[in-house]
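Undergrad: just the structure for this:
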Amino acid sequence: MATATATATATATSERVELAKHCSSRNWSKAIRVLDSLLAKQSSILDICNRAFCYNQLELHKHVIKDCDKALLLEPCAIQAFILKGRALLALGRKQEAVLVLEQGYKNALQQTADVKQLLELEELLKDARREIDATESRQETPASPSEKSDEKTDKLDNYESGACTNGNSHDHEPSRELAYKEKENGKCGSQINGSYESCKPCNGSDLHDNLAESSDRLGDLSINGNKLIIKSSKMSHKAEARCGVSDETRKNKKYTIARISGTHSISVDFRLSRGIAQVNEGNYTKAISIFDKVLKEEPTYPEALIGRGTAYAFQRELESAIADFTKAIQSNPAATEAWKRRGQARAALGEYVEAVEDLTKALDFEPNSPDVLHERGIVNFKSKDFTAAVKDLSICLKQEKDNKSAYTYLGLAFASLGEYKKAEEAHLKSIQLDSNYLEAWLHLAQFYQELADHCKALECIEQVLQVDNRVWKAYHLRGLVFHGLGEHRKAIQELSIGLSIENTIECLYLRGSCYHAVGEYRDAVKDYDATVDVELDAVEKFVLQCLAFYQKELALYTASKVSSEFFCFDIDGDIDPMFKEYWCKRLHPKNVCEKVYRQPPLRESLKKGKLKKQDLAITKQKANVLRFADLIGKRIQYDCPGFLPNKRQHRMAGLAVIEIAQKVSKAWRIEWRNSTKGTTKNGKKNRRRERTNILSQNRGGAGCSSSSFSETSTGYASLEDRSSGRSMLSWQDVYSPAVRWRQISEPCDPVVWVNKLSEEFNSGFGSHTPMVLGQAKVVRYFPNYERTLTLAKSIIKDKLSVRSKKDKVIDLSKDEKIEKIMRAETCDELHKIVGEDFWVATWCDSTGSEGKRLEGTRITCIQKPGRLGYDFSIRTPCTPARWSDFDEEMTSAWEALCNAYCGENYGSTELDALETVKDAILRMTYYWYNFMPLARGTAVTGFVVLLGLLLAANMEFTETIPKGLQIDWEAILNVEPDSFVDSVRSWLYPSLKINTSWRDHPDISSAFSTTGAVVAALSSYND
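TA: Now for the predicted structure:
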């Protein structure tokens, strides 16, 4: 025992001698390693302060602060710790904090028997700190020159835009988020979900003085919309410092410090190391690498030099080289926390999130509960969509660093993804409370409000950003997105143009092109789409925007060629190749489309072919009256639910479509009623024939119109004589087709197409997909339907005693009390664990046309995400030919029942009570439409538009709004019986109906807005 003690004492003495030797030769890095070894055996306040002193010599100020905090935790009156921490804070430019620390140290020194030298040192430091604060305040009172202001703005902008050394992958909404955007896409472009843009923070703050070792200087952050940004080494110097958050004052301090170092070969390794760090801070990465190369030539396994060079590589986006250096540093010193942490950052930047989390977890083994590393791991967990783990890490971090504004921002992002919206808002606001000029927090909060459809608050936050710095392009992009979501496309174009004048980004180009496309400025749209395709990408996830730009350019050329043609000739479903539409819907690489599909002619030919007449664009008094009525009716389609912005353009589209459908159906019903009352006289036949010819001419193209050609499933306009009854009538597709066409032209970048026109994909079951949960993320628009959907799924499983696997195999659940367990399950997670694998169950719809028959409704699916990061819990609607045929028969039957209900003794009635059966018949038809889901997208809005049109045709106007929190399409999907749906909607719809016959005084929509160009002009002419 005595021998062991003696050996330990001898070892400690030996290490003390080695420590003294390294300090004498000013070899601070090796001194730190010795102190690490000593502290691993026994925690000593003196050694902690000694290590802080060594870190101070290397200008690694955050490490100094960290060690001083540890010392003060053990001994609150450790004067040397106060002195070293005060110096470090001053070096970082955190003067107010430095004064507070030094004042506390001075107070403690006065209250105890202190070293007079320490007391005087504290007093001198305090005086210096206060003088610097006074000088700073004096400078702030002096107005800055225009050039200074310009420089200041540039610094702020670059600091925000760079994402310092950032790199990452966006949420595909996906896209959101991110937003991107979440293009969280905004839930409108190419995806039915309202996802969120993933975004993260840039390197910020003025403490890049020692960015080599500090976790606040991110290597792998995401920008506001989740897209990677590359820092090019050819554009560094002061601009690079601004990108990384280095203030002018810090830059001066650095230069002063570094200026003392000689450039001769006699300089020590540590001073060369210090100079390499300085070059990294200056943005001179190539010079830094050269310095580190020389150090490593002498000492190839020197951990600090390897970490330094690795960091310089990382800033240059040479991530593989960076990882190689960090790995060598770990091999040289397995306890090098910084190497583990930085390798984790670099791996995260490459999207290797699992490996990144492993590295950061290892760093925490050496430095338990380190707020820096927890902050890092929280960010990586967020990027990898492990939002629960992100919340845990960031919350622990914030218990120790209550002023970490970045951690609050990420915490807000993670909470929002988990559907904890109140907590998310509080976290974002806390970040802003800590720094009211923190651009990242304001932008994330704006995006948060936009995704919740609180556009007023979103715009207020964006305005705050621009007050701080009016050259932040992402602010203009986000405001453009908000205006686009509100249907104010011309305002969006203005904002995006400003953003593009600041920086030529693919996000702004793509969105502006789609806005030009929507308002009929096809030349500018094609120009922006071409520019989008030509942009050199800095992130793989942005490639989807280039794919979409390709498809949408073709559609813009197609639309341009149709502007002078009658609107019924605008027929995407009949004219556009099925393969093109399939690839467009699925956002696939257009290579096969380019090779196999007919391309639209050049813009010059399209515009020549589709030349507009001025009278087509003129809004006459008569047209203006129609548009006012359309706007009034169109507002009724608005859902009062999170995630659904009130879109003026969509409201006008809906109103015009409602009136057109009402006019068409009213004329058809009039013919039907006359035929039913005239008998079969010769004159009656002639009159009926004349009426039928007349209605065909007014129904945009009649038999010869391609938009009416549903030869697979119906007779269309071409055969108004119904085979079973011999009556003159429209088909159900003829009723819904105008709504679909209006929806297609109103937002041309949304892939709204009939699914049975998608050839091979149709035959293999292409259908819509609407998620409520994506991994751990709760989809803001649709998660409110989660509980009811889960309950319905459990009841179906109980009824069938089985589910279907991904491979469509039956999974028997009748044994081992599985059904009882399933009925007790409260989450899709629990349900999946009981079933044991991915599965789906199908809802059903009871047929009205064929008694006892059941139609397959939607499929409720539960699929585990890779890495066990939650589940996709969604509804998916297959559209196979057999299912299409079943629903076609049911829709035909429902339409016939509606015609019978109105064209009998109730025809023309202005008594709401007398029209009860008509109202019920309209709701039944709507019920089957929603469960049918025959469109790739847009089924919900077109269904409600037709409902309103049919009510208006029967002289009933819906005068209120859809109840808050209710989504009528989900009401249909989650009710297996049509009568249950009718009952649930009747309670709020029927009391809001009033008789209206004055709508018949408006001109015929198909005549007032006869051409495609006139329709586009009408949709784009409202007064912003």
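Undergrad: residue ranges with poor pLDDT in the stretch 1-150 of the chain?
TA: Scanning the stretch 1-150 of the chain for pLDDT under 70 picks out the ranges 1-12, 113-116, 119, 135-150.
Undergrad: please verify my assumption that Pro371 contacts Cys397.
TA: Yes - counting by Cβ atoms under 8 Å, Cys397 is a contact partner of Pro371 at 4.6 Å. All C-beta spots, glycine's among them, are computed from the backbone N, C-alpha and C.
Undergrad: spit out the residues that contact these two alike.
TA: Contact criterion Cβ atoms under 8 Å, 6 or more residues apart in numbering; residues shared by Pro371 and Cys397: Asn404.
Undergrad: more neighbours: the two, which one.
TA: Neighbour count, other Cβ atoms under 10 Å: between Pro371 and Cys397, Cys397 has more, with 27 against 21.
Undergrad: who's in contact with that one?
TA: Pro371, Leu374, His375, Gly378, Asn404, Ala407.
Undergrad: then Glu298?
TA: Val269.
Undergrad: same question for Lys294.
TA: Taking Cβ under 8 Å, 6+ apart, one finds Arg272 in contact with Lys294.
Undergrad: quick one: pLDDT of it?
TA: On pLDDT, Lys294 comes in at 90.
Undergrad: how far does whichever strand or helix holds it sit from the chain's center?
TA: Per DSSP states H and E, Lys294 falls inside helix 285-298. Averaged C-alpha coordinates place helix 285-298 at 41 Å from its chain's average position (Cα atoms, centre = their mean, to the nearest Å).
Undergrad: how about it: buried residues?
TA: Residues of helix 285-298 classed as buried by neighbour count (16 or more other Cβ atoms under 10 Å): Tyr285, Lys287, Ala288, Ile289, Ile291, Phe292, Val295, Leu296.
Undergrad: residues in contact with the fifth one?
TA: Meaning Ile291. Contacts of Ile291 (Cβ under 8 Å, 6+ apart): Arg272, Arg275, Gly276, Gln279.
Undergrad: so which of those sit within helices?
TA: Under the assignment DSSP state H, the contacts of Ile291 contribute Arg272, Arg275, Gly276, Gln279 to helices.
Undergrad: what about the residue lying closest to the third one once chain neighbours are set aside, distance to Glu282?
TA: What that stands for is Gly276. Leaving aside its chain neighbours, Gly276 sits nearest to Ile291 (3.9 Å; criterion: Cβ to Cβ, 6 or more residues apart in numbering). Applying Cβ to Cβ, to the nearest Å, the value for Ile291 to Glu282 is 12 Å.
Undergrad: hey, where'd the strands end up in the stretch 901-1024 of the chain?
TA: 956-958, 993-995 (DSSP state E, counting those that start in this stretch).
Undergrad: need the longest helix for the protein.
TA: The chain, longest helix under DSSP H: helix 648-678.
Undergrad: can I get the strands of the stretch 901-1024 of the chain in a markdown table with distance to His444?
TA: Listed next are the strands of the stretch 901-1024 of the chain as a markdown table, based on distance: least, Cβ to Cβ, whole Å:
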| stretch | distance to His444 |
| --- | --- |
| strand 956-958 | 38 |
| strand 993-995 | 44 |
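Undergrad: deepest-packed of the ones you listed, please.
TA: Between the strands of the stretch 901-1024 of the chain, strand 956-958 has the highest mean count of neighbours, a mean of 22, where neighbours are mean count of other Cβ atoms under 10 Å.
Undergrad: need the contact partners of it.
TA: Residues outside strand 956-958 that contact it (Cβ under 8 Å, 6+ apart) are 633, 636, 912, 915, 919, 948, 951, 989, 992-996, 999.
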